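Peer 1: Requesting a structural model of the entry that follows:
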Amino acid sequence: MWFNVLSLLIALICFVKAGTALLAPDTFYNRRRQQYASAAVPRSVLVVPMLMLMLTGIAWYAALYHYVDWSWLVTGFLSATSLLALVNICRWPAHRVKLLAAIGEEHAERRTYVDVGMLGLGSVFGVLGVIL
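Peer 2: Model prediction:
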C-alpha cells in the first residue's frame with residue numbers, strides 16, 4: 001500500500017506539472033522565469049525539494065519495513081530526484097542561469113518535449129501505483 005500511494009502521488013505531481021506547462025505555457029514559464037531571475041533562492045522554489053525529501057524518507061521507511069517487488073524503482077527515483085533538487089538548491093547561482101537559458105522562448109519546442117516526457121513518466125508511475 002505504501003508504494004501504491006507514493007507511485008500515484010509521483011504520477012499526480014508529474015501530470016499536474018506537465019498539464020499546467022502544456023495547457024498554459026506562457027503563464028507557467030513566465031512564473032518559472034521570475035523564480036530563476038532571483039539571485040536568492042525563492043521560497044516557492046524550496047517547496048518541491050522539501051516535498052521530495054519528505055517523500056524520500058517515507059519511501060525508504062516503506063522499502064525497509066514494507067518491501068514489495070519493484071519498490072526499489074520508486075525509492076531510487078525519489079532518492080535521485082531529492083539529491084538532484086538539493087544539488088540544484090546548493091548551486092543556485094549557476095543553476096538559475098542554466099535554467100533561465102533553457103526555458104527561454106527560443107526553446108519552446110524542447111520544453112514541449114520535456115513536458116510530454118513528464119506525462120510519460122507520470123504514466124509509468126501511475127501504472128506502478130496500480131500494480132504494486
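Peer 1: would you list every one of the helices in the chain?
Peer 2: 2-23, 25-37, 43-65, 71-90, 92-102, 108-131 (DSSP state H).
Peer 1: Make CSV from those and add mean neighbour count to it.
Peer 2: (C-beta placed from N, C-alpha, C; glycine too.) Shown next, in CSV, are these (neighbours: other Cβ atoms under 10 Å):
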stretch, mean neighbour count
helix 2-23, 18
helix 25-37, 14
helix 43-65, 15
helix 71-90, 16
helix 92-102, 13
helix 108-131, 15
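Peer 1: Could I get those in a markdown table, plus columns for mean pLDDT?
Peer 2: Shown next, in a markdown table, are the helices of the chain (pLDDT from 0 to 100):
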| stretch | mean pLDDT |
| --- | --- |
| helix 2-23 | 94 |
| helix 25-37 | 93 |
| helix 43-65 | 94 |
| helix 71-90 | 94 |
| helix 92-102 | 93 |
| helix 108-131 | 93 |
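Peer 1: can you tell me which residues contact L78?
Peer 2: Counting by Cβ atoms under 8 Å, 6 or more residues apart in numbering, L78 touches L6, I10, M52, L55, T56, A59.
Peer 1: Apply 7 Å and report the result again.
Peer 2: M52, L55, T56, A59 (Cβ atoms under 7 Å, 6 or more residues apart in numbering).
Peer 1: correct me, but the first one touches L83?
Peer 2: By that I understand M52. No - with contact defined as Cβ atoms under 7 Å, M52 does not reach L83; the gap is 9.1 Å.
Peer 1: Next, find the distance separating the nearest residue to A108 once chain neighbours are set aside from S123.
Peer 2: Distances taken as Cβ to Cβ, 6 or more residues apart in numbering put P25 closest to A108, at 7.2 Å, once the chain neighbours are dropped. With distances taken as Cβ to Cβ, to the nearest Å, P25 is found 20 Å from S123.
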